[in-house]
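Colleague: I need the structure of the sequence given here:
(one chain, ligands or ions: 1)
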Amino acid sequence: MLAEADDHVVAFLSQIHNLSGRTAVITGGAQGIGLAIATRFADNGARIVIGDLDEAKAKEAAASLKADAIGVGCDVASDADVVGLLEATTAAFGPVNVMVNNAGITRDATMRKMTEQQFDDVITVHLRGCWNGTRRAAGIMRETGGGSIINMSSMAGIGGVSSFCAYSASKGAVAAMTRSIAAHCRSKGYKIRCNSIHPDGIKTPMVAGLHTTLKPGQMPSVREKDPKQVMARFAEPQDIANLVLFLASDESRFIQGAEMRIDNGYLMWAD
Ligand code: NAD
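Modeller: This is a model prediction of the structure:
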């Protein structure tokens, strides 16, 4: 049913949000949400560069797309790697037009149980990773007429999740940094838009990995049973990719510095 609905969505979206002639870079694109974004962009005409810590998987993912695409090994926490990713992009397809800073990890625990290493790892990959991707892509876009940057935050960065202390902190900081960069780009007159998106739980390997009691391939069902959810289910990666596609396209040209929740109304409840 969902797959059938998705076919209609793909057909509809391919007629709008055209990314033909655009070069898009997606970090953490070897699997999960990043791969769904890369697939959506490819279906809508973009040339794709997947940057991921797992180089082999990035190349495999790129080869699976119906578009010109390459996979590049890249640790977003390293500025040199991100510069290398964008140089490889320019060499293959021309300068980046759309940058999706999506790479992420979970190493989390409560405030009391978290180690300094876990805290540093999460903050570094999410916050420094987004900063590296945004500043380096913006540096290129400034010279080439503009572009769209989308930073992956989370509902955890708007609310607060008790067992996700560093994760919540890093994702909240990603949103604040995105607003700061959007303000900078607007005040300088750069045609660069920078927005953050805030999904709730999505069916990806990251979420499955948090629930160690599940059998391989089984997804947690707690969200499905949550009475606050009217259409209770986890988001599919494609749900997130549809929003990112909109933000990448010219149809979202007046959206700058926004924090877009995509959570099936998780903050709403009926009394
Ligand atoms: P995932 O674990 O399925 O995929 C993450 C990808 O990022 C992997 O391919 C991994 O190799 C790559 N990666 C990790 N560290 C990296 C680094 N330092 N440099 C480059 N690549 C790196 O995760 P996902 O669920 O697809 O999550 C993608 C993004 O969405 C993350 O930023 C995550 O925090 C965010 N998010 C996820 C959920 C969810 O429920 N899954 C909800 C809200 C936000």
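Colleague: For the rest of this, base every contact and every neighbour count on C-alpha atoms.
Modeller: Noted.
Colleague: Quick one: the strands in the stretch 1-150 of the chain, in order.
Modeller: 23-27, 47-52, 69-73, 98-101, 147-152 (DSSP state E, counting those that start in this stretch).
Colleague: Just tell me which of these ends up closest to Ser252.
Modeller: Of all these, the one in closest proximity to Ser252, counting by Cα to Cα, is strand 147-152 (9.5 Å).
Colleague: Which elements pack onto the closest one?
Modeller: Packing partners of strand 147-152 (3 or more Cα pairs under 8 Å, 6 or more residues apart in numbering; DSSP states H and E): strand 98-101, helix 129-144, helix 165-188, strand 192-199, helix 237-248.
Colleague: follow-up on the earlier one: now render the strands of the stretch 1-150 of the chain as TSV, adding distance to Leu243.
Modeller: TSV is the format used below for these (distance: least, Cα to Cα, whole Å):
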stretch	distance to Leu243
strand 23-27	14
strand 47-52	17
strand 69-73	21
strand 98-101	12
strand 147-152	10
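Colleague: OK, contacts around the closest residue in space to Thr124 that isn't next to it in sequence?
Modeller: Residue nearest to Thr124 in three dimensions, not counting chain neighbours: Ala77, with 6.0 Å by Cα to Cα, 6 or more residues apart in numbering. Each residue near Ala77 by Cα atoms under 8 Å, 6 or more residues apart in numbering is listed here: Thr124, Val125, Arg128, Gly129, Asn132.
Colleague: If we use 10 Å, what do you get?
Modeller: Residues in contact with Ala77 (Cα atoms under 10 Å, 6 or more residues apart in numbering) are 53, 103, 121, 123-133.
Colleague: So which bits of this protein are right by the ligand?
Modeller: Applying Cα under 6 Å from any ligand atom, we find that the chain lies next to the ligand at 27-34, 52-54, 74-77, 102-105, 125, 152-154, 199-202, 204-207.
Colleague: picking up where we left off before, how about CSV for the strands of the stretch 1-150 of the chain, with mean pLDDT and mean neighbour count added?
Modeller: Converted to CSV, those look like this (pLDDT from 0 to 100; neighbours: other Cα atoms under 10 Å):
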stretch, mean pLDDT, mean neighbour count
strand 23-27, 99, 28
strand 47-52, 98, 30
strand 69-73, 98, 24
strand 98-101, 99, 28
strand 147-152, 98, 27
